[in-house]
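S.K.: Structure of the sequence below:
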Amino acid sequence: MAKHGKKYLAANSKVQPDRLYPPREAIKLVKETAYTSFDSTVEIHMRMGLDPRQADQQVRDVVVLPNGLGKTVRVLVFTQGEGSTRAQEAGADYIADSDEMIAKIQGGWTDFDVAVATPDMMGKAGRLGRILGPRGLMPNPKAGTVVPAEDLPRVIREAKAGRIEFRLDKTANLHVPIGKVSFSEEKLFENLAAFMEAVKKAKPSAAKGTYIRRMTLTSTMGPAIRLDSLLAQTMNKE
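M.R.: Next up, the predicted model:
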């Protein structure tokens with residue numbers, strides 16, 4: 001069992017491990033218990049009542065957080081011709097429109113946070129699956145990251161504003177950042193409410209029993225705070 005330092009133990013002592021906290025109280029507590037010298041990321045972790053082995057019980061969608069993520073999002077676009085012009089004008093950080101750039105990524109370069117592609121470039125982008133897939137960077141139509149050239153400005157703008165993709169992992173969990181500890185409680189609450197709404201809308205029709213089994217809110221290296229999942233699912237009405 002890993003040993004925790006004094007700062008963690010002091011922060012953890014403020015959390016009642018068996019208590020299910022209402023969303024606003026949990027957000028206040030996650031800010032109070034953050035102890036890193038840098039601006040920690042606030043994350044939500046959800047244990048879902050789904051079987052990830054079943055194709056009809058997958059959860060995969062995107063949400064634009066109203067207050068962003070508090071970080072600079074670097075966007076790479078696989079496109080060519082008119083798409084390259086649109087992507088550049090929309091503020092894309094990198095444009096993969098040449099064999100040279102494709103080869104660079106093939107060599108392991110992934111200094112970007114979001115990858116978008118136009119359909120005409122998916123043949124080339126698809127060959128990079130072994131590099132991009134494990135890092136969650138592969139453009140995908142279901143995630144809204146494979147779009148026609150005319151939609152590039154909107155998708156790039158959303159990505160930079162705080163558009164995040166969430167998907168069920170192999171252990172039936174969702175892990176999503178919702179902002180920074182420096183955010184106000186209200187901004188974190190609004191981001192969490194937007195994410196919860198998106199998760200509810202993404203519920204598979206084949207889901208049976210309890211959809212959300214357990215929820216915890218954490219800051220980087222900070223203690224886990226258990227959320228009342230029933231209250232969290234109605235928090236947009238608070």
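S.K.: Show me the strands in this structure, by range?
M.R.: Applying DSSP state E to the chain gives strands spanning 41-48, 60-64, 75-78, 94-96, 114-117, 163-167, 173-180, 212-219, 225-227.
S.K.: Please identify the deepest-packed of the ones you listed.
M.R.: Highest mean neighbour count of the strands of the chain: strand 75-78, a mean of 28 (counted as mean count of other CB atoms under 10 Å). To be clear about C-beta, it is placed using only N, CA and C from the backbone, and glycine gets the same treatment.
S.K.: partners of that strand in the sheet?
M.R.: strand 94-96 (parallel), strand 114-117 (parallel) (DSSP bridges).
S.K.: Could you list the residues in contact with the first one?
M.R.: With CB atoms under 8 Å, 6 or more residues apart in numbering as the test, strand 94-96 has contacts from 74-79, 84, 87-88, 101-102, 105, 112, 121, 124-125.
S.K.: chain center to it, what's the gap?
M.R.: Chain-centre distance of strand 94-96: 22 Å, with CA atoms, centre = their mean, to the nearest Å.
S.K.: circling back: nearest to L188, of the strands of the chain?
M.R.: strand 173-180 (5.1 Å; CB to CB).
S.K.: tell me the mean pLDDT over the closest one?
M.R.: For strand 173-180, the mean pLDDT works out to 94.
S.K.: Equivalent analysis for stretch 229-238, please.
M.R.: Regarding stretch 229-238, the rounded mean pLDDT is 73.
S.K.: what does stretch 142-158 give?
M.R.: Here the average pLDDT along stretch 142-158 is 92.
S.K.: got it, and stretch 69-80?
M.R.: On average, stretch 69-80 scores 92.
S.K.: What distance do you get for E82 to T36?
M.R.: Note on E82: its distance to T36, by CB to CB, to the nearest Å, is 45 Å.
S.K.: cool, P153 as well?
M.R.: Separation of P153 from T36 (CB to CB) stands at 36 Å.
S.K.: Narrow the contacts of strand 94-96 to those in helices?
M.R.: Applying DSSP state H to these, the entries found in helices are S84, A87, Q88, M101, I102, I105, K124, A125.
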